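Participant: coords please:
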Amino acid sequence: QIKWEVDKYSYHGISSACVYGGGDRSEQVQQVRTGVDIVVATPGRLNDLIEANILNLDECSYLILDEADRMLDMGFEPQIKKVLLDIRPDRHTVMTSATWPPGVRRIAHEYMNNSIIVNVGTLDLKAATTVTQHIVMTTLEEKLELLQELIETQLDHHHDKCLVSWGGRSQQTSYPVNSSPDT
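Facilitator: Okay, the predicted model is just below:
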């Protein structure tokens, strides 16, 4: 998934490789040996390629540990620590985590200089009690009219937020909350 996002920048001449356990190692090694700007990797395979002298992190200046909490839950802490020791100390590091458990905080404190935590949304990790979910089965013809009616009658437009999941492969069109498809 991350590799697909990185590939969007290939038109700028930025090359990348994705290396992970369970994938074809020889193909991954070949990609890395051609020279890449970005390596998207799982900790285990990354360490494997470093130990085999296939990958060198001496010039790596950015490290992103996405979903650090999940990597710790999966037992990758030793591999993460090894990567943090192998990479140059003046790197820029970003760690993302949905929960920021003590293990992630400890690694951030031990291996990062002047780290800060940026929170998006609330720190309360409990399910919101004010969220109401409605599942409505309707025909394609009725769908847009029903959606407009729900938005107009159920939302306080000054305070409420609404997320609509629109199943199916019909046309994708955006309408402002306070308008109809006819305007």
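
Participant: now what about stretch 27-40, what contacts it?
Facilitator: Outside stretch 27-40, the residues within contact range by C-beta atoms under 8 Å, 6 or more residues apart in numbering are 2-3, 6, 14-20, 45-46, 49, 54-55. The C-beta positions use only the backbone N, C-alpha and C, and glycine is treated the same way.

Participant: Quick one: buried ones out of these?
Facilitator: 6, 16-19, 45-46, 49, 55 (16 or more other C-beta atoms under 10 Å).

Participant: residue boundaries of the strands in the protein?
Facilitator: Under the criterion DSSP state E, strands of the chain are mapped to 16-19, 38-41, 62-65, 92-95.

Participant: got the ones you listed as JSON lines, with mean pLDDT and distance to Leu147 columns?
Facilitator: Shown next, in JSON lines, are those (pLDDT from 0 to 100; distance: least, C-beta to C-beta, whole Å):
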{"stretch": "strand 16-19", "mean pLDDT": "88", "distance to Leu147": "39"}
{"stretch": "strand 38-41", "mean pLDDT": "89", "distance to Leu147": "38"}
{"stretch": "strand 62-65", "mean pLDDT": "86", "distance to Leu147": "38"}
{"stretch": "strand 92-95", "mean pLDDT": "85", "distance to Leu147": "38"}
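
Participant: which one of these lies closest to Glu110?
Facilitator: Minimum separation from Glu110 across the strands of the chain (C-beta to C-beta) falls at strand 92-95, 11.8 Å.

Participant: If you count neighbours, what's buried in that closest one?
Facilitator: For strand 92-95, burial by neighbour count (16+ other C-beta under 10 Å) applies to Met95.

Participant: hey, C-alpha coordinates of the top helix by length along the chain in PDB?
Facilitator: With secondary structure taken from DSSP state H, the chain has its longest helix at helix 140-154. Provided in PDB are the C-alpha atoms of helix 140-154 (Å, rounded to 0.1, in the frame of the first residue of the first chain):
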ATOM      1  CA  LEU A 140     -30.100   3.300  -7.000                       C
ATOM      2  CA  GLU A 141     -32.900   5.600  -8.100                       C
ATOM      3  CA  GLU A 142     -33.900   6.400  -4.500                       C
ATOM      4  CA  LYS A 143     -30.400   6.700  -3.100                       C
ATOM      5  CA  LEU A 144     -29.600  10.300  -3.800                       C
ATOM      6  CA  GLU A 145     -33.000  11.600  -2.800                       C
ATOM      7  CA  LEU A 146     -32.900   9.600   0.500                       C
ATOM      8  CA  LEU A 147     -29.400  10.900   1.200                       C
ATOM      9  CA  GLN A 148     -30.400  14.500   0.700                       C
ATOM     10  CA  GLU A 149     -33.400  14.000   2.900                       C
ATOM     11  CA  LEU A 150     -31.300  12.500   5.700                       C
ATOM     12  CA  ILE A 151     -28.800  15.300   5.600                       C
ATOM     13  CA  GLU A 152     -31.500  18.000   5.700                       C
ATOM     14  CA  THR A 153     -33.500  16.400   8.500                       C
ATOM     15  CA  GLN A 154     -30.900  14.700  10.700                       C
END
